[in-house]
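J.: Sequence first, predicted model second:
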Amino acid sequence: MAGSTETDWVSRFADDVIAESERRAPGKPVVVASGLSPSGPIHLGNLREVMTPHLVADEIRRRGHEVRHLISWDDYDRYRKVPNGVEGVDESWAEHIGKPLTSVPAPAGSPYPSWAEHFKAQMSASLAELGVEYDGISQTAQYTSGAYREQVLHAMRHRADIDAILEQYRTKKAPAKQSQKPVDDAELAAEEGSGAAEEDDGSGSGAGYFPYKPYCGQCGKDLTTVTAYDEETTELTYTCVCGHRETVLLSEFNRGKLVWKVDWPMRWAYEGVVFEPSGVDHSSPGSSFQVGGQIVGPIFGGQQPIGPMYAFVGISGMAKMSSSKGGVPVPADALRIMEPQILRWLYARRRPNQSFKIAFDQEIQRLYDEWDALTRKVDEGSALPGDVAAYARAAGTAAGELPRTPRPLPYRTLASVADITAGAEQQTLRILSELDPDRPLASLDEVRPRLDRAEAWISSQVPAEQRTVVRAEPDTARLAALDDGERGALKLLADGLGSHWSLDGLTTLVYAVPKVQAGLAPDAKPTPELKVAQRSFFALLYELLVGRDTGPRLPTLLLAVGQDRVRTLLGADA
């Protein structure tokens, strides 16, 4: 985590971007960009492509500068393959490979008109929840409206120059990738990215090099080859593997696009992009970002954006992922189990070139503990400057604070209660109200949306066999087998329930019982021997209450079960 303003990467990039924008286009809005391909579920690794420029753009806005964050939806890319595990999709979707993503049907049951719109909508909803302000640009709309016509004709006129630049990289063998070890298997799937970088560069035609790829007028796919082009008339002829042959005027034709390695630098120049990050797959010679940097100036008269290479985002503990089974989780999956501030914080506190993991397992409880501790330090004025900056960027944007939980009780406590109550609201309210009798909870709205996230985590990420089920009846056999020490410990606990019935009180009580039994004061410092006795006592309580030797934190469990039922299950009312 950042420890000072010197390690505040967002501010450093904002300084550089403002200066670079003033050099390139003085007095004009600063332009930063992201690109997303809705070729399938847009995962949490792709989110870094958005969050990095978003955080920089937001810092620039906070300083009073006008800034545009462009998100190019690469929805005119070809449909490359049928992704694994997408609900409502089977092998029949393979018949659409080669079509633009906006011409592929949405998964069965989707309310959206196309494959691209289906996955764009999912991501757009998550970006809105995260407070990301952006201008979305559909590349389908841009190409089919003729917005890029002059750029396409210009590229065709200069195709020999483009070919010469690309040839320098075709003849080079790309070096082995730098050994940035992926964090986990989920990242290996994420490394593929959208696939745009893997498209051909326009070479391979016997008639010469053409940086433009038509979509076939008959089958709608890009399995086409340009066979002739007349610069004066812009007459272009292509053939398709389906057998279709067509001659069109490129000056009027809008059913095709520049190949990716030419398309990207064209857009940099067209939009005047100053800042855009790139993934690790763009770090090697011959990659789209590197080649684009050689094309953008000589061909389109623009400049390559500045920006960092960003590292992998890993996943810790994927369990049951509804939207991306067989793949990696999407932002909507993370936002079901954590508040937007927490997800923003994960991206804000790490430099773009640092890998990190997003927790879907028990680690999410520790993450929330860290966030709550940081919140207290910020409120007290004791947090380090870099931590304060990361917190502020997570908690809100230049437009204001994101909605927050009015009374943010510990996530682990809320998860434990949700585990025990299975979402029963009246029981949940009773338990949470008894956590602090001096400040009883009046309504569950006070602990929302954090409570909703904790309930979602329990229901979606904790396997059924690990859920907590309180015994319906006492374990008479185990109670009959108690030794004198165990029976005495349970009596001490039962006798103290009434006077210790709060979260803090019960915490004190359960730790004090083994101390008192050992002849020590309730507040005595624990010794190694005492810790062993405490663990044995805790295991006994879990066994009698839930039939296992572990479970939720005992004070929370006791509150959830209720005094009368605790006494019954511990044999104290016999």
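T.: It's in. Numbering: from 1, shown residues only.
J.: Against residue 412, how distant is the nearest residue to residue 560 once chain neighbours are set aside?
T.: In space, and not counting its chain neighbours, residue 560 is closest to residue 420: 4.1 Å by Cβ to Cβ, 6 or more residues apart in numbering. Where C-beta positions appear, they are placed from N, C-alpha and C, glycine not excepted. Distance of residue 420 to residue 412, given as Cβ to Cβ, to the nearest Å: 13 Å.
J.: The two: who's more crowded?
T.: With neighbours defined as other Cβ atoms under 10 Å, residue 420 and residue 412 compare such that residue 420 has more, 24 against 18.
J.: for that one, what are its contacts?
T.: 431, 468, 470, 552, 556, 557, 560, 561 (Cβ atoms under 8 Å, 6 or more residues apart in numbering).
J.: can I assume the fourth one is in contact with residue 418?
T.: By that I understand residue 552. No - look at residue 552 against residue 418 with Cβ atoms under 8 Å: they stay out of range, at 9.8 Å.
J.: out of the two, which sits in the busier spot?
T.: Applying other Cβ under 10 Å to residue 552 and residue 418 shows that residue 418 carries more neighbours, namely 26 against 21.
J.: send the alpha carbons of the helix or strand hosting that one over as CSV?
T.: Using DSSP states H and E, residue 418 sits in helix 411-421. Extracted as CSV, the C-alpha positions of helix 411-421 are listed here (Å, rounded to 0.1, in the frame of the first residue of the first chain):
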residue,chain,number,x,y,z
TYR,A,411,-18.0,-7.7,7.6
ARG,A,412,-16.9,-10.9,9.4
THR,A,413,-19.6,-10.3,12.0
LEU,A,414,-22.3,-9.7,9.4
ALA,A,415,-21.2,-12.8,7.5
SER,A,416,-21.4,-14.9,10.6
VAL,A,417,-24.9,-13.7,11.4
ALA,A,418,-25.9,-14.2,7.8
ASP,A,419,-24.5,-17.7,8.0
ILE,A,420,-26.5,-18.6,11.1
THR,A,421,-29.8,-16.9,10.2
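J.: just checking, next helix/strand downstream of it?
T.: Sequence-wise, the next helix or strand downstream of helix 411-421 (DSSP H and E) is helix 425-433.
J.: What average pLDDT does the next helix-or-strand element following that next one get?
T.: The C-terminal neighbour of helix 425-433 among helices and strands, as given by DSSP H and E, is helix 450-461. What helix 450-461 shows for mean pLDDT is 95.
J.: Let's see helix 450-461 as PDB, backbone CA atoms only.
T.: Extracted in PDB, the C-alpha atoms of helix 450-461 (Å, rounded to 0.1, in the frame of the first residue of the first chain):
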ATOM      1  CA  ARG A 450     -22.600  -4.100   3.600                       C
ATOM      2  CA  LEU A 451     -25.000  -6.700   5.100                       C
ATOM      3  CA  ASP A 452     -26.400  -7.500   1.600                       C
ATOM      4  CA  ARG A 453     -22.800  -8.100   0.400                       C
ATOM      5  CA  ALA A 454     -22.000 -10.400   3.300                       C
ATOM      6  CA  GLU A 455     -25.200 -12.400   2.800                       C
ATOM      7  CA  ALA A 456     -24.300 -12.700  -0.900                       C
ATOM      8  CA  TRP A 457     -20.800 -13.900   0.000                       C
ATOM      9  CA  ILE A 458     -22.200 -16.600   2.400                       C
ATOM     10  CA  SER A 459     -24.800 -17.800  -0.100                       C
ATOM     11  CA  SER A 460     -22.500 -17.900  -3.200                       C
ATOM     12  CA  GLN A 461     -19.000 -18.500  -1.900                       C
END
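J.: In it, which residues are buried?
T.: Under the neighbour-count criterion of 16 or more other Cβ atoms under 10 Å, helix 450-461 has 450, 451, 452, 453, 454, 455, 456, 457, 458, 459, 461 buried.
J.: wait, which of the residues you listed is closest to residue 49?
T.: Within these, distances to residue 49 taken as Cβ to Cβ reach their minimum at residue 453, with 24.5 Å.
J.: residues contacting that closest one?
T.: Neighbours of residue 453 in contact, by Cβ under 8 Å, 6+ apart: 336, 337, 338, 339, 411.
J.: how near is the residue in the chain sticking out farthest from the centre to residue 91?
T.: Taking Cα atoms, centre = their mean, the residue of the chain most remote from its mean C-alpha position is residue 484, at 53.5 Å. Distance of residue 484 to residue 91, given as Cβ to Cβ: 68 Å.
J.: Going along the chain, name the helices of the stretch 451-574 of the chain.
T.: With DSSP state H, counting those that start in this stretch as the criterion, the stretch 451-574 of the chain has helices at 476-480, 484-496, 503-517, 528-546, 554-561, 563-569.
J.: Quickly compare those helices and say which is most buried.
T.: helix 554-561 (a mean of 24; mean count of other Cβ atoms under 10 Å).
J.: after the worst-scoring helix or strand of the chain on mean pLDDT comes which helix or strand?
T.: Ranked by mean pLDDT, DSSP states H and E, the weakest helix or strand in the chain is helix 185-190, scoring a mean of 43. Next helix or strand after helix 185-190 toward the C-terminus (DSSP H and E): strand 212-214.
J.: Which residues does that following strand contact?
T.: 152, 155-156, 202, 222, 224, 226, 236, 238, 246, 248, 250, 253, 255-259.
J.: remind me which residues of the stretch 51-200 of the chain are low pLDDT?
T.: In the predicted model, the stretch 51-200 of the chain carries pLDDT under 70 at residues 171-200.
J.: With the stretch 301-450 of the chain instead?
T.: Residues of the stretch 301-450 of the chain that meet the criterion pLDDT under 70 lie in 318-327.
J.: in it, which spans are helices?
T.: Counting by DSSP H, counting those that start in this stretch, the helices of the stretch 301-450 of the chain are 331-337, 340-348, 363-380, 385-395, 411-421, 425-433, 450-461.
J.: Redo those helices as a markdown table? Include distance to residue 214.
T.: A markdown table is the format used below for the helices of the stretch 301-450 of the chain (distance: least, Cβ to Cβ, whole Å):
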| stretch | distance to residue 214 |
| --- | --- |
| helix 331-337 | 35 |
| helix 340-348 | 39 |
| helix 363-380 | 48 |
| helix 385-395 | 44 |
| helix 411-421 | 53 |
| helix 425-433 | 58 |
| helix 450-461 | 45 |
